[in-house]
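# Any chance you can model this:
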Amino acid sequence: MVVWGTSYVVIQAGLEDTTPAFFAALRALPAGIAILLFERLRPNRKATPEVSLNEGFQIFVLGFLCTALFFWAMFEGTPRVGAGLASVLVNTQPFFVAAGAYAFLGESLGWRRLASLLSGFSGVVLVSMPRISVGTAGDVLGVPILLLGAGGFAAGLVLSKKLYQRYDLYWLTGWQLTAGGVVLMGMAFGFENVRATNWTPSLVSSVVYLSLLGTAITSLVWFRLVRFHSVSTLASFGFLSPAVGVLMAWVVYGDRFSAVVISGIALILVGLYGMGGGTRRKGNTHG
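This next block holds a predicted model:
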């Protein structure tokens, strides 16, 4: 979450030199290819699994939801509404995840978890308030774009639970990032002026950071956790992203904390504590 919390700043910097879908593709595609190459070179690599047509379609859908749709929404929506409001809208995803995990994975959704989600989200709103800016009249699409991305990621996260229990971590992560990256690249060349990209040192360093550290490494960690833990609990840790951004501004720029921001961070921590209190299946009386 520390790495992902810095991504909004890097995205805004890189978008000065290129277009949203192309930038998103440059984040996803190299990350997926790098993971697949690493998977092939591992001395203890597992045999390539046999994938049915239906399973292949599920992997493509996972790549579309968690990579193509989500990344495109972040890169397209963030400059429309500002980083503060974008972080609030993206962090509606734990509510979508909790509902999907309850309906399809049997994860519990009691009053404690709902209250914890509301606490964490309220904290995100408070932390982001000093940076929230509503875009111009021409930017009204930013809100639905970001909400669509949040909902798509939530649906993909619920789908990924069973897939990551069946397939090798490196193989599946590499292919879902590669599939999503290919879709994004097609969107870029089909609908954007990719030739206008200005390959500045800032853009190149942004791509390297987002692709290798912000996507390849963090995705491997994230989806390994998905295999073993409650997806609704994991999703709630996204509330930390805007808090990390505020803390970085304090460390790097010496920004001061207001009482509102401090209250927001406290609510996020309370929400995470409540969400981490254990996972129960519906009908399981042992907790």
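# Which is the succeeding secondary structure element to the top helix by length along the chain?
Across the chain, the longest stretch assigned as helix under DSSP state H is helix 142-166. Downstream of helix 142-166, the first helix or strand assigned by DSSP states H and E is helix 169-191.
# now for that next one, which elements pack on it?
If you count contacts as 3 or more Cβ pairs under 8 Å, 6 or more residues apart in numbering; DSSP states H and E, helix 169-191 packs onto helix 20-41, helix 53-63, helix 70-81, helix 142-166, helix 218-228. For every residue, glycine as well, the C-beta is placed using N, CA and C.
# what is the mean pLDDT for whichever helix or strand comes after the third one?
In this case it means helix 70-81. The helix or strand immediately downstream of helix 70-81 is helix 83-90, counting by DSSP H and E. For helix 83-90, mean pLDDT rounds to 75.
# what's next to stretch 166-180, contact-wise?
Outside stretch 166-180, the residues that touch it by Cβ atoms under 8 Å, 6 or more residues apart in numbering are 28-29, 31-36, 38-39, 42, 45-46, 48-49, 59-60, 62-64, 66-68, 71, 160, 163-164, 215-216, 219-220, 223-224, 227.
# Are any of the residues you listed buried, and if so which?
Buried members of those, counted by 16 or more other Cβ atoms under 10 Å: 28-29, 31-36, 39, 59-60, 62-64, 66-68, 71, 160, 163-164, 215-216, 219-220, 223, 227.
# Tell me how many other residues surround Arg40.
12 (other Cβ atoms under 10 Å).
# please renumber so the chain begins at 59
Renumbered: residue one is now 59, and that last one reads Arg98.
# Need the distance between the two termini of stretch 156-173.
12 Å (Cα to Cα, to the nearest Å).
# Now that stretch: buried residues?
In stretch 156-173, counting by 16+ other Cβ under 10 Å, buried: 156, 158-160, 163, 165-167, 171.
# and the helix or strand Gly178 falls within, what other elements does it pack with?
Using DSSP H and E, Gly178 sits in helix 169-186. For helix 169-186, the packing partners by 3+ Cβ pairs under 8 Å, 6+ apart come out as helix 141-148, helix 151-158, helix 289-294, helix 298-311, helix 317-333.
# Go through those helices and name the closest to Val198.
helix 141-148 (12.1 Å; Cβ to Cβ).
# and the closest one, how far from the chain's centre?
How far helix 141-148 lies from its chain's middle: 12 Å, per Cα atoms, centre = their mean, to the nearest Å.
# relative to helix 200-224, how tilted is that helix?
50 degrees (axes from the mean of the first three to the mean of the last three Cα atoms, to 10 degrees).
# what's the angle between helix 141-148 and helix 128-139?
140 degrees.
# Are there helices or strands packed against helix 141-148, and which ones?
helix 60-72, helix 128-139, helix 169-186, helix 200-224, helix 298-311.
# May I have the second one as CSV, with CA atoms only?
The reference is to helix 128-139. The C-alpha trace of helix 128-139 is given here as CSV (Å, rounded to 0.1, in the frame of the first residue of the first chain):
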residue,chain,number,x,y,z
PHE,A,128,-8.9,-0.7,-13.5
PHE,A,129,-5.7,0.8,-14.8
TRP,A,130,-7.5,2.7,-17.6
ALA,A,131,-10.0,4.2,-15.1
MET,A,132,-7.1,5.3,-12.8
PHE,A,133,-5.1,6.9,-15.6
GLU,A,134,-8.1,8.4,-17.4
GLY,A,135,-10.1,9.5,-14.3
THR,A,136,-7.5,10.9,-11.9
PRO,A,137,-6.5,13.9,-14.0
ARG,A,138,-10.2,14.7,-14.5
VAL,A,139,-11.1,15.0,-10.8
